[in-house]
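S.K.: Make a model of this:
(2 chains)
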Amino acid sequence: GQQVMQIPQYQHVQEGEDFTTYCNSSTTLSNIQWYKQRPGGHPVFLIQLVKSGEVKKQKRLTFQFGEAKKNSSLHITATQTTDVGTYFCAVQGAQKLVFGQGTRLTINP
Amino acid sequence: DAGVTQSPTHLIKTRGQQVTLRCSPKSGHDTVSWYQQALGQGPQFIFQYYEEEERQRGNFPDRFSGHQFPNYSSELNVNALLLGDSALYLCASSRPRGSSYNEQFFGPGTRLTVL
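M.R.: As a prediction, the model looks like this:
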């Protein structure tokens, strides 16, 4: 089945610094979804990417899907304390989601 | 419009016991999926229910079973609990099949502790 590897596992930044997490697969992905899970919370859907080379923005968040559809990234510009949490990429396949291991973001205010 | 709801919030059981977790999907959703999330890990797919039948199953033993009711709500049952079953159990619902969007809406989860 499809698997995705996510790096880094942890990232600590100063407030105001940028943050990027990467999601990689050895096989071509039909789509990629990104979720955010706050500490003690549940995953919340952020976005879905489907097209090769697709780039989508949500305020300070930029999501990219690679040209070969084997990797994706989430970039946060000028992090804020509200960005704290774990960011997961996930692949939708055969009606189920396969999640990466997540990148846990902590921020020093 | 209520989102996905789950009960109970927390549960403590001992090894060998059985547990039932409950989930009500978001209004308008007919498909329910269950995930297990161990501490520090990503959610792992257990199974999915649609039209009251199990449609997809992840790599979980038969001790994990489920049910979907005509009102689309669902139950997850785990028999013969092991210490390793301690985790956050998440329910997610999604729009009817044929919808172009695959977003899954997660409930707040049930934290199961097995002693």
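S.K.: Kindly state the beta-bridge partners for the closest residue to chain B within chain A.
M.R.: Residue nearest to chain B within chain A (CB to the nearest CB): A:Phe99, separated by 3.5 Å. Yep, even glycine has a C-beta here, placed from its N, CA and C like the rest. Under the criterion DSSP bridges, A:Phe99 forms beta bridges with A:Ala90.
S.K.: Contacts only, for it.
M.R.: By CB atoms under 8 Å, 6 or more residues apart in numbering or on different chains, A:Phe99 lies in contact with A:4, A:35, A:88-90, B:42-44.
S.K.: Around chain A, pick out the residues from chain B.
M.R.: Within chain B, the positions near chain A by CB under 8 Å from any CB of the partner chain are B:31, B:33, B:35, B:41-45, B:48, B:50, B:55-56, B:58, B:90, B:92, B:101-109.
S.K.: which of the residues you listed count as buried?
M.R.: Among the residues of chain B next to chain A, those scoring as buried are B:31, B:33, B:35, B:42-45, B:48, B:50, B:55-56, B:58, B:90, B:92, B:102, B:104-109 (criterion: 16 or more other CB atoms under 10 Å in any protein chain shown).
S.K.: would you list every one of the strands in chain B?
M.R.: B:5-7, B:10-13, B:19-24, B:31-37, B:44-50, B:53-57, B:64-68, B:74-78, B:87-94, B:105-106, B:110-114 (DSSP state E).
S.K.: Including distance to A:Gly41 and mean pLDDT, could the ones you listed go into TSV?
M.R.: Shown next, in TSV, are those (distance: least, CB to CB, whole Å; pLDDT from 0 to 100):
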stretch	distance to A:Gly41	mean pLDDT
strand B:5-7	13	97
strand B:10-13	15	97
strand B:19-24	17	98
strand B:31-37	11	96
strand B:44-50	18	95
strand B:53-57	25	92
strand B:64-68	24	97
strand B:74-78	20	98
strand B:87-94	10	96
strand B:105-106	9	94
strand B:110-114	12	98
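S.K.: Count the residues that sit near residue 40.
M.R.: Since no chain was named, I'll use chain A. Per other CB atoms under 10 Å in any protein chain shown, the neighbour tally for A:Gly40 reads 10.
S.K.: Hmm, no, I was thinking of chain B.
M.R.: Residues near B:Gly40, counting by other CB under 10 Å: 10.
S.K.: next one: B:Thr9
M.R.: B:Thr9: 9 neighbours (other CB under 10 Å).
S.K.: Minimum pLDDT in the contacts of A:Phe99, which residue is that?
M.R.: Within those, pLDDT reaches its minimum at A:Val4, with 92.
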